[in-house]
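Novice: quick one: sequence and predicted model below, then my questions.
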Amino acid sequence: MMNSPKTTSADLSLFRRRLLGAVAAAACLMLALPTYADGYVSGDTGDKLDIGRMKVSFEDQFNEINVSAWGPNTRWIAHTPWAGDFGGAQFADPTDKFPFTVKDGILRIEASKSSDGTWRSGLLASVDRDGNGFSQQYGYFEMRASLPSGPGLWPAFWLIGKDRSKSTAEIDAMEYYGDKPNGYSSTVHVWHKDGSHYSDFSRVNVFETADPTAYHTYGVKVDSEYVRMYFDGKLAWKTKTQPEYRQPLYILLNLGMVDGVTKMVAPDPSFMSVDYVRAYALN
């Protein structure tokens, strides 16, 4: 048997220096990669929003408003397809100049108090109760809007899975609570028929510096791997795509009211202004 070479103190010192160098390099690499609310590390090319590589599949620039209470054959209906209303304001059937008006390519959704003290406002959904309308599996969905300010107000931009037979898949790209004005909430849900519930959440505190009443874009990109949320074209956070999100999703936007005491001091009337809503197919 051959004799093993002896390890000297100089060899051990060189090994330790190399090991410490490798650890330091790895730490620097981790610090250089931004992390997000759910703990996933950014770095895959899907995080970057590249509109030029997508194709517009749905668009409303609101030169007019094509809406009815329940359809059929209108671009939007004025209630959630499965129930109708939620929150502290009734979503009104559209009439002349209420709750929707359009001027100069801007949709205005109004929330106001009736003579009996009840609040009425507006919601748009892109499919009707029979599933007719726009829905799309995977893609990028975006709204450009100016949000109202004041307690009790609850504007939102969100997606719902078309198949609700076993669960409801909900992706809230933006929910803004007027009594929490420093940012907006962004949440994903799966509501199962057996009563169980999955969710992931991030608070996007952009309004510490940005103005919510100015026009901003709120977007969500859904693919087979991730659901990614964007503010003004920049990634805000992302979460893993659940199996229930791998289906056609349709669009909802609304000016809701929180069903609580804060709506008693909400500005009357209040307005949410929408420049456009678009969806893109991913290449």
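Specialist: Received it, and whenever you're ready, just let me know what you need.

Novice: now the residue nearest the centre of the chain: closest residue in space, sequence neighbours ignored.
Specialist: Closest residue to the average C-alpha location of the chain: A173 at 0.6 Å, with CA atoms, centre = their mean. In this structure, A173 finds its nearest non-sequential neighbour in V220, 4.0 Å apart by CB to CB, 6 or more residues apart in numbering. For every residue, glycine as well, the C-beta is placed using N, CA and C.

Novice: and E142, by the same measure?
Specialist: G219 (4.0 Å).

Novice: low-confidence ranges, this protein, go.
Specialist: 1-45 (pLDDT under 70).

Novice: ok so, going back, quick one, what contacts the residue nearest to the centre of the chain?
Specialist: By CB atoms under 8 Å, 6 or more residues apart in numbering, the contact list for A173 reads 141, 143, 157-159, 186, 218-220, 229.

Novice: quick one: which of these sit in strands?
Specialist: 141, 143, 157-159, 186, 218-220, 229 (DSSP state E).

Novice: what's the closest of those residues to V274?
Specialist: Using CB to CB, M143 comes nearest to V274 of those, at 6.3 Å.

Novice: surely the closest one is in contact with Y215?
Specialist: No. Contact criterion CB atoms under 8 Å: M143 and Y215 do not qualify, at 10.3 Å.

Novice: the more surrounded of these two?
Specialist: Taking neighbours as other CB atoms under 10 Å, M143 and Y215 compare with M143 leading, 23 against 14.

Novice: for the more buried one, which non-adjacent residue is closest in space?
Specialist: Take M143 and drop its neighbours on the chain: the residue closest to it by CB to CB, 6+ apart is F157, 4.5 Å away.

Novice: quick check: bridge partners of the one you found?
Specialist: M174, L253 (DSSP bridges).
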